[in-house]
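Asker: turn this into a model:
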Amino acid sequence: MVNFDKQNQDIENKIVLGFKMAYEKLVREAALHNRSLVFGDNGKIVRIPAVELLKEIESKKK
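Answerer: Model (predicted):
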């Protein structure tokens with residue numbers, strides 16, 4: 001019998017990994033076309049150039 005806590009953790013890890021992969025793909029595509037991404041920050045709309053986000057992603061990989 002499979003431990004449900006471990007099984008749930010495995011599923012959660014896969015979901016988080018999928019989200020991270022999709023986010024990185026979105027940022028890379030936007031950076032390629034010199035675009036910005038729009039986020040909400042405490043009720044304010046913030047535009048961040050994708051190039052800056054890509055630099056942040058790359059620095060976390062090191």
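
Asker: okay, CA-based contacts and neighbour counts for the rest of this
Answerer: Will do.

Asker: can you map out the strands along the protein?
Answerer: Taking DSSP state E as the test, the strands found in the chain are 36-41, 44-49.

Asker: let's have these in JSON lines, adding mean neighbour count, distance to Ala30 and mean pLDDT.
Answerer: Shown next, in JSON lines, are the strands of the chain (neighbours: other Cα atoms under 10 Å; distance: least, Cα to Cα, whole Å; pLDDT from 0 to 100):
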{"stretch": "strand 36-41", "mean neighbour count": "12", "distance to Ala30": "7", "mean pLDDT": "96"}
{"stretch": "strand 44-49", "mean neighbour count": "12", "distance to Ala30": "8", "mean pLDDT": "97"}
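
Asker: tell me which of those strands sits nearest to Glu29.
Answerer: Each of the strands of the chain was scored for nearness to Glu29 using Cα to Cα, and the closest is strand 36-41 (10.5 Å).

Asker: for Lys61, what are its contacts?
Answerer: If you count contacts by Cα atoms under 8 Å, 6 or more residues apart in numbering, Lys61 has none.

Asker: isn't Phe39 right up against Ala50?
Answerer: No. Checked against Cα atoms under 8 Å, the pair Phe39 and Ala50 is beyond contact range at 11.6 Å.

Asker: can you get me a residue count around Ala31?
Answerer: 19 (other Cα atoms under 10 Å).

Asker: pLDDT score for it?
Answerer: pLDDT, Ala31: 98.

Asker: one more: Met21?
Answerer: Reading off the model, Met21 has pLDDT 97.

Asker: same deal with Val2?
Answerer: At Val2, pLDDT is 56.

Asker: can you pull out the helices in this structure?
Answerer: Using DSSP state H, the helices assigned to the chain run over residues 4-32, 50-61.

Asker: okay, the angle between the shortest one and helix 4-32?
Answerer: Going back to what we said before, that points to helix 50-61. Counting by axes from the mean of the first three to the mean of the last three Cα atoms, to 10 degrees, helix 50-61 lies at 140 degrees to helix 4-32.
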